[in-house]
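[1] 3D, please:
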Amino acid sequence: MNGLAQFAQVFSTLIFFPLLVRAFGTAEYGVYVIAVSVASMTQMLDLGVGASTVRLVAQRLSSRDVTGFSRVVSSSAMLLALIGIAVAGLMFAVGHAAGWLFSVTEEQAALLQTLLWVGAAMQVWYWPSSVAAHVLHGLERYDLVARTSVFSTLANVGSIGLVLYLDAGPVVLMALGALVMVAGSLLNIATLWAIGPTRRLVCPPSGVVAQEIIASGMPVFMNSVAQFLNREQVDRIVIGVALGPAVVAIYDVAAKLSMLIGQVAVLPTSAVLPVVARAVARGDDRALRALFLRGGRYITFAIVPLVVVLAVLAGPFIDVWFGAEFGESILVAQLLILGQLLYPPLLMGDPILTASGRLGSWVPRSYAIAAVNLGLSIALVRPLGPAGVACATLLSSLLELPLYARLMLRETGVTLSAWLRFTWAGYLPLPLTGLAAAVMAWLLPPSFMGIAVSGIVALVMYAVCVWALVLSEAERRSFVERVRRLAGRMGPI
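    Predicted coordinates:
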């Protein structure tokens with residue numbers, strides 16, 4: 001549910017995108033995207049406190065350590081408050097230097113400075129208040145986190161509608177986003193207090209526990225930095241520095257389509273970390289191997305057809321919704337989307353490595369890949385424009401796959417042949433899926449209905465092929481039984 005709410009938020013911003021571009025102007029919207037990208041990049045500076053809090057909360061409660069649980073909560077809040085102050089100062093400094101850091105006019109620099117300073121003010125509240133969401137994740141109360149996410153999504157959509165109705169500018173939109181963030185975090189805090197996982201929810205922070213949180217989260221933090229250097233947020237910054245905000249807007253169209261895949265990938269992995277933490281505490285290596293294999297198999301079934309269908313239909317969708325002036329975004333979108341095609345079989349890797357404390361073994365290679373991506377992006381952005389940055393992302397993802405696969409197979413004890421046979425079977429129907437999407441898009445008129453029908457037909461064809469040719473008889477029976485149980489819980493309509 002939490003993942004679906006996040007997916008809905010990305011989808012809603014994609015739908016409102018052309019309306020905001022027309023209201024703000026392409027260049028001014030690009031300035032807003034740069035400010036949002038800078039604010040998003042600061043999220044990697046949490047020193048791994050968020051993931052470490054989730055893991056330690058699950059462990060403390062599984063061992064019924066009530067005092068330890070409370071100290072994890074208070075110590076995490078203290079650390080996040082300090083981080084928030086530091087991040088606010090950093091964003092204030094970036095805003096002060098915006099005029100010479102980015103390729104912007106004097107007027108655009110003033111707007112960017114204001115947006116970044118609004119973002120800096122947000123950080124002082126955001127970081128310490130986010131501890132409530134981390135604790136709720138550790139408690140596996142995803143239903144409650146999802147409620148807040150749905151509220152925030154609807155409130156953000158309302159904010160965009162209000163800005164469009166009032167013909168207000170990006171500063172008002174940023175300020176309204178800050179108010180939504182504060183309201184959502186207050187809802188999480190009130191929810192955590194109300195459910196009362198223990199009678200003693202708050203106690204003085206502990207220096208020893210704070211050190212444990214930092215030590216546990218440092219590999220996660222270092223890997224997060226590398227991931228941010230290897231993802232679209234940094235690409236926007238590189239383009240903003242080299243080519244200016246108008247080109248950032250062109251890239252942002254493509255990046256939003258690519259982010260839809262990322263949000264779908266959140267759905268099966270968002271609830272895994274506390275479960276893996278308990279399996280690690282039990283020393284249940286067999287469960288971890290099963291999670292890696294079966295999770296990778298079913299995530300592949302769910303995501304790879306969406307990747308192919310989005311890559312095929314990106315051109316018609318951008319032409320219909322954004323117009324001919326964004327034609328340059330089509331190739332960029334296809335490159336970014338296809339860069340995610342080979343990730344699904346490995347998406348269970350990060351929570352397994354994080355919960356087992358072995359993520360540090362991947363960090364050096366992650367930095368090497370991030371350095372390759374950043375170097376290629378800087379080298380290709382001027383001669384090839386935004387497509388050059390997308391090419392760098394695609395090439396770095398191809399480099400990452402064999403390195404990460406080798407690490408995960410070694411850590412889980414799964415053989416290469418078993419992994420390929422069990423997980424990669426989901427790629428077999430993809431050529432037919434892509435062909436079906438392309439043929440349907442060619443036959444149907446260029447419209448939203450035609451694009452939707454083309455995608456649905458292609459996805460249904462993929463599902464039929466997987467059901468008939470890939471799934472075993474036992475898997476089909478298990479799926480039918482699960483659907484029956486779910487229908488039984490829902491009751492008669």
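[2] Domain parsing of this protein, as residue ranges.
    1-229, 284-493 (automatic domain parsing).
[3] Report the residue spans of this protein with pLDDT below the cut-off.
    Scanning the chain for pLDDT under 70 picks out 1-7, 9-10, 196-202, 226-233, 270, 489-493.
[4] For residue 271, find the nearest of the domains of the chain.
    domain 1-229 (5.6 Å; Cβ to Cβ). C-beta here means a position set from N, CA and C on the backbone, and glycine is covered the same way.
[5] quick revisit: possible to save the domains of the chain as a markdown table with distance to residue 257 and mean neighbour count?
    Shown next, in a markdown table, are the domains of the chain (distance: least, Cβ to Cβ, whole Å; neighbours: other Cβ atoms under 10 Å):
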| stretch | distance to residue 257 | mean neighbour count |
| --- | --- | --- |
| domain 1-229 | 7 | 19 |
| domain 284-493 | 5 | 18 |
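[6] Looking at those domains, which is nearest to residue 245?
    Ranking these by proximity to residue 245 (Cβ to Cβ) places domain 1-229 first, at 2.8 Å.
[7] Return the distance of the closest one from the chain's centre.
    13 Å (Cα atoms, centre = their mean, to the nearest Å).
[8] what about the strands in the stretch 1-150 of the chain?
    Assigned by DSSP state E, counting those that start in this stretch, the stretch 1-150 of the chain shows no strands.
[9] contacting residues around stretch 125-133?
    46, 50, 53, 73, 76-78, 80-81, 83-84, 87, 145, 148, 181-182, 185-186, 188-189, 191-192 (Cβ atoms under 8 Å, 6 or more residues apart in numbering).
[10] Convert the C-alpha atoms of it to PDB, please.
    Taking Å, rounded to 0.1, in the frame of the first residue of the first chain, the C-alpha atoms of stretch 125-133 are listed here in PDB:
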ATOM      1  CA  TRP A 125      11.700  19.700  10.800                       C
ATOM      2  CA  TYR A 126      11.800  16.900   8.200                       C
ATOM      3  CA  TRP A 127      14.800  14.900   9.600                       C
ATOM      4  CA  PRO A 128      13.900  14.500  13.200                       C
ATOM      5  CA  SER A 129      10.200  14.000  12.500                       C
ATOM      6  CA  SER A 130      11.000  11.200  10.000                       C
ATOM      7  CA  VAL A 131      11.900   8.900  12.900                       C
ATOM      8  CA  ALA A 132       8.200   8.000  13.300                       C
ATOM      9  CA  ALA A 133       8.000   6.600   9.800                       C
END
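[11] what's the top helix by length along the chain packed up against?
    Criterion DSSP state H: the longest helix present in the chain is helix 285-321. Helices and strands touching helix 285-321, as assessed by 3 or more Cβ pairs under 8 Å, 6 or more residues apart in numbering; DSSP states H and E, comprise helix 245-269, helix 272-282, helix 328-338, helix 349-355, helix 386-412, helix 416-423, helix 430-443, helix 448-465.
[12] how far out from the middle of the chain is that helix?
    14 Å.
[13] Would you reformat the domains of the chain as TSV and include distance to residue 240?
    Shown next, in TSV, are the domains of the chain (distance: least, Cβ to Cβ, whole Å):
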stretch	distance to residue 240
domain 1-229	4
domain 284-493	10
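[14] OK, contacts around the closest residue to residue 312 other than its chain neighbours?
    Using Cβ to Cβ, 6 or more residues apart in numbering and skipping residues adjacent in sequence, the residue nearest residue 312 is residue 437, 4.2 Å away. Residues in contact with residue 437 (Cβ under 8 Å, 6+ apart) are 308-309, 312-313, 454-455, 457-458.
[15] Export those as a markdown table, with columns for distance to residue 241.
    Converted to a markdown table, those look like this (distance: Cβ to Cβ, whole Å):
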| residue | distance to residue 241 |
| --- | --- |
| 308 | 33 |
| 309 | 34 |
| 312 | 32 |
| 313 | 32 |
| 454 | 38 |
| 455 | 36 |
| 457 | 42 |
| 458 | 38 |
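[16] Next, give me the two most distant ones among those residues.
    Largest separation among those by Cβ to Cβ: 308 and 457, giving 13.0 Å.
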